[in-house]
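Trainee: give the three-dimensional model of this entry:
(2 chains)
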2 protein chains.
Amino acid sequence: MGNYGLRETTMGDGRPPRGFPDAEFEARLARAQTLMAARGLDALLLTTEPDIRWFTGFLTQFWLSPTRPWFLVVPGAGKPVAVIPGIGSEAMGRTWIDDIRTWSSPHPSDDGQSVLSEAIREAAGEGGMVGLPMGPETHVRMPLAGLQALRDGMPGIGWQDATQVMRTLRQVKSPAEIDKIAEACRIACDAFDRLPEIAGAGMTELEVFRAFKIACLEAGADDVDYLVGGAGPGGYGDIISPPSERRLQAGDVLILDVGLVFDGYYCDFDRNFSVGPPSDAVRRSYEAVWQATEAGLAVARAGGTCADLFRAMNAVTAPLADPSAGGAVGRLGHGLGMVLTEFPSIADWDETVLEPGFVMTLEPGMATAPGRMMVHEENVAITEGAPRLLTRRAARDIPVLSAS
Amino acid sequence: MGNYGLRETTMGDGRPPRGFPDAEFEARLARAQTLMAARGLDALLLTTEPDIRWFTGFLTQFWLSPTRPWFLVVPGAGKPVAVIPGIGSEAMGRTWIDDIRTWSSPHPSDDGQSVLSEAIREAAGEGGMVGLPMGPETHVRMPLAGLQALRDGMPGIGWQDATQVMRTLRQVKSPAEIDKIAEACRIACDAFDRLPEIAGAGMTELEVFRAFKIACLEAGADDVDYLVGGAGPGGYGDIISPPSERRLQAGDVLILDVGLVFDGYYCDFDRNFSVGPPSDAVRRSYEAVWQATEAGLAVARAGGTCADLFRAMNAVTAPLADPSAGGAVGRLGHGLGMVLTEFPSIADWDETVLEPGFVMTLEPGMATAPGRMMVHEENVAITEGAPRLLTRRAARDIPVLSAS
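Mentor: Model prediction:
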């Protein structure tokens, strides 16, 4: 029954409104159609949750079910056409989309193909050019055999990679989008502030993670989709694992890396904690990644490139990293929005020019010993001047949890 | 740092152990290789989280990031080969997999293709046959252009749809898998039992959802990935929406449909509540879907088909549904496991024969008025005899929440 994320509604509690006004979707569509025209695209075919939500506002956790394909056809002129399973028609009907075509899904032999084919033909004509994201960081969320049959059934239609179109559109966030990401960051900061009350030595990682998730919900998160991290004496070895049954003990460094959601938008940042007083080595590596973030904040602005940002942060940490630990530094951050990790990458190979409205994670890290690392992270919105810090800056000294 | 879900660990608290013994993965691989041999497949190429986890035990929320592709190559003999981004190597190293090949991802031009290509050639030979899931309910989780380049670069390799192979393997759950699903169900049942304490008239849907998620975590959930539902006077209109700011009021029927996770396995069921005493109409439709579930439980056993199950439940509800509400009944349940919704479908077109070890949702529903429905759901494991009910059976009469 709910309608959040569909039409804009305000709660009057100082938090950002949920959803977006229709004018925002109209502006997005206009931007898209301008880009499509420049590339000779008669239509876009979109199959993934964020691409479809960007145009429609359609927000549901039902995407967690891989059973059914969902489609959006964006024509060169006029509003997008939703081609979706019947189970979604009521919820899609509450968005600004008018033309909603459904079929009974799952269907064993024609799971939407014939309805979709008709919609594509109407939008692109028999000999039109259709854009489909096929490049880096994309996938097509429909059966490969179904896609092949769709293409075979429309031999006159040309297909072009639309990765760059969707990237260009989605990576510049509107002010309303940035406010939602900022709210997610605010909630996570409040929950991190409570960690010394709710976690300390003797608790298992599983217990700490659970307590932190509850704190995030209590602070106003809609969902805590992503929480990884770990702890170990003097540092941690990887940052993508779920929690173990190991108990925190004095001398551990704990990292929690959270992607929680407000109205369909993520934060993505981490915080480090020392269980009991930190060693000098821990203090030094925390200082290094904190300073690397400062260096990033100093250069993160419109007109610079992702590679500039990488080099500014890496220049601080590289001389201090343990050379015996080996392993190349990967990227030091990425875009953020409706998805936990978006384009572009803060990497030495990514020459993407930052624009006002990009939202980025700054995520410098370094190997401190073989199998040990220290990572730090903030979320910022790019402007013409100094970036807007969406997270509250991490403490200057590593926060301490009770060791007893 | 954590290792849950990788090697088996027992907590000694009466809950199922986390992870699986290596013997379970050995048995899965043997089943797979028997099927592969029968179909003339020299290797499988897998790209999605559940397919890769089924063979490896690799459990991480990092899959939420769509940026990087991950691959598993299953040869006709010998252990699977993981071809994964370097960021995953430490976590994958804690599974039973030995051969782990990495690259620095994301990479702008060769995001794993060349490493993958080599692994496929080793497993299948230059002229081998590779199975890739391409059919219903699947997608290939890598860029389409990357897949095309991979195929073009290995012209001697044949490609076959492996949907049926993975379906046959995954839909029969091991006893250890069923225990994890049962634990997820137990946790959700405990949280539902607390709903009358924590929810009632005057709370918004958003507040009710948040309170219920916290109750799930307190009851032992690792994550509450999926919670949808809604409320309205005398019933609800769809069951896939997020919560709204509408306040519960006397006369509402509230449904919560939860997919929470224990050690990587889902429950998926709903419960209905009446805010204040239910009307006679609500009582009658609740009775109908409750009895339809009884009819399903009576025939859900090995040797029967999904279509039998559909017909048994539909025979109860169809005569009672509001004919003016229109709309075909979709499926009335589905498989359940590492994913919220798995094959097969309880639908009149699905002649899949149930086998011991299938875990199914029984989910009869009916339109009670235009735009109003009532849905009921239980989770069961199929045996030779009566099914094992994994959920605690829903109350005989609709539970009541405080109306004041």
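Trainee: alpha carbons only for contacts and neighbour counts from here, please
Mentor: Will do.
Trainee: does A:E351 touch A:T305 like I think?
Mentor: Yes - judged on C-alpha atoms under 8 Å, A:E351 makes contact with A:T305 at a distance of 5.4 Å.
Trainee: who has more neighbours, these two?
Mentor: Neighbour totals were compared for A:E351 and A:T305, and A:T305 leads with 21 against 15 (other C-alpha atoms under 10 Å in any protein chain shown).
Trainee: report pLDDT for the more buried one.
Mentor: A:T305 carries a pLDDT value of 98.
Trainee: how much space separates it from chain B?
Mentor: 16 Å (C-alpha to the nearest C-alpha, to the nearest Å).
Trainee: tell me which residues touch that residue, please.
Mentor: With contact set as C-alpha atoms under 8 Å, 6 or more residues apart in numbering or on different chains, A:T305 has these partners: A:350-354.
Trainee: is it in a bridge, and if so with what?
Mentor: Judged by DSSP bridges, the bridge partners of A:T305 are A:V353.
Trainee: ok, and the closest non-adjacent residue to the residue of the stretch 251-400 of chain A found nearest chain B?
Mentor: In the stretch 251-400 of chain A, the residue that lies nearest chain B is A:T341 (5.4 Å; C-alpha to the nearest C-alpha). Closest residue to A:T341 apart from its sequence neighbours, by C-alpha to C-alpha, 6 or more residues apart in numbering or on different chains: B:S65 at 5.4 Å.
Trainee: quick check: phi and psi on the one you found?
Mentor: The phi/psi pair for B:S65 (degrees, to the nearest 10) reads phi -80, psi 120.
Trainee: for it, give its distance to A:T317.
Mentor: B:S65 sits 25 Å away from A:T317, going by C-alpha to C-alpha, to the nearest Å.
Trainee: re earlier: for B:P106, see how far away the residue nearest to A:T341 is.
Mentor: Distance, B:S65 to B:P106, by C-alpha to C-alpha: 11 Å.
Trainee: what does A:I157 give?
Mentor: Computed with C-alpha to C-alpha, the distance linking A:I157 and B:P106 is 31 Å.
Trainee: who's more crowded, B:S65 and A:T317?
Mentor: Set side by side, B:S65 and A:T317 show more neighbours around A:T317, with 22 against 14, by other C-alpha under 10 Å.
Trainee: and that one, that one's in a strand?
Mentor: No - going by DSSP: H, G, I helix; E, B strand; the rest coil, the assignment for A:T317 is helix, not a strand.
Trainee: in contact with it, which residues?
Mentor: Counting by C-alpha under 8 Å, 6+ apart, A:T317 touches A:288-289, A:292, A:364-366.
Trainee: repeat that with 7 Å
Mentor: Counting by C-alpha atoms under 7 Å, 6 or more residues apart in numbering or on different chains, A:T317 makes contact with A:288-289, A:292, A:366.
Trainee: among these, which ones are in helices?
Mentor: Of the positions in the contacts of A:T317, A:288-289, A:292 sit in helices, assigned by DSSP state H.
Trainee: and the residue nearest to A:T341, how close does it get to A:F55?
Mentor: From B:S65 across to A:F55, the span is 21 Å (C-alpha to C-alpha).
Trainee: likewise for A:A231?
Mentor: Distance from A:A231 to A:F55, by C-alpha to C-alpha: 41 Å.
Trainee: I'd like to know which elements the lowest-mean-pLDDT helix or strand in chain A is packed against.
Mentor: For chain A, the helix or strand with the lowest mean confidence is strand A:365-369, at a mean of 88 (criterion: mean pLDDT, DSSP states H and E). Strand A:365-369 makes packing contacts with strand A:372-375 when contacts are defined by 3 or more C-alpha pairs under 7 Å, 6 or more residues apart in numbering or on different chains; DSSP states H and E.
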